[in-house]
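Novice: mind folding the following:
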Amino acid sequence: MLKNKELTWFFIIIAIFLLTGCGKDPKLTQFQEEIETFCINISLLDTSINNIDAASETADQELLGYLDELNVEFQKLALIDFPEEFDYLQSLSVEASEYMTEAVTNYHSAYSDGAYDESIAEYAHENYSRAYKRVQIIITFLHGEEPDDADLTIEYE
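Specialist: Numbers count the residues shown, from 1 in each chain. As a prediction, the model looks like this:
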């Protein structure tokens, strides 16, 4: 509903890539494992969201439940201690978590009292997209690449 299956595969591929790149540094290995866990959990939740039967009477509640779980995963991402070589990405993980929390809060508001408020849901989706955008940027940098994004400014020291 919120993301397509390509995103699910994106996170699975990232998790596999990070798993095969484990180094000897225990902090780096722990970091890679935490990022891998995040990617796998997000992928599973994304699949669950995409498999909700929209015609079901409980679809709204199922969606909100999965979104709550997604929010917890993003909060865990913000708490990951990024190694020194990736420290510049730490703030993006915090921003991603904040955007996801805002998205989930507004999705709950959009579905409150048995009604659906499309304008609140649109605002929630914007925040949801911003959260995922930050995760995609983090993962791109972890691959040693620079994101190809016109809205992203990279400052080199």
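Novice: which SSE is the residue most central in space within the chain in?
Specialist: Of all residues in the chain, the one closest to the mean position by C-alpha atoms, centre = their mean is residue 132, 4.6 Å from it. Secondary structure assignment for residue 132, by DSSP states H and E: helix 118-142.
Novice: and that helix, what's buried?
Specialist: Residues of helix 118-142 classed as buried by neighbour count (16 or more other C-beta atoms under 10 Å): 120-121, 123-124, 127-128, 130-142. Placement of C-beta: from N, CA and C, glycine included.
Novice: quick one: that helix to chain centroid distance?
Specialist: With C-alpha atoms, centre = their mean, to the nearest Å as the basis, the distance from the averaged C-alpha position of helix 118-142 to the chain average is 7 Å.
Novice: and it, what does it pack onto?
Specialist: With contacts defined as 3 or more C-beta pairs under 8 Å, 6 or more residues apart in numbering; DSSP states H and E, the packing partners of helix 118-142 are helix 5-20, helix 26-50, helix 90-110.
Novice: is it true that residue 94 touches residue 79?
Specialist: No: here residue 94 lies out of contact with residue 79, judged by C-beta atoms under 8 Å, at a distance of 9.1 Å.
Novice: those two: which has the busier surroundings?
Specialist: Here residue 94 and residue 79 are set side by side on neighbour count (other C-beta atoms under 10 Å), and the busier one is residue 94, at 15 against 10.
Novice: check the gap between the more buried one and residue 101 for me.
Specialist: As for residue 94, its distance to residue 101 is 11 Å (criterion: C-beta to C-beta, to the nearest Å).
Novice: could you do residue 129 as well?
Specialist: Taking C-beta to C-beta, one finds residue 129 at 14 Å from residue 101.
Novice: so where's the chain shaky on pLDDT?
Specialist: Scanning the chain for pLDDT under 70 picks out the ranges 1-24, 149-157.
Novice: do that again at 90, thanks
Specialist: Where the chain drops to pLDDT under 90, the residues are 1-29, 113-115, 142-157.
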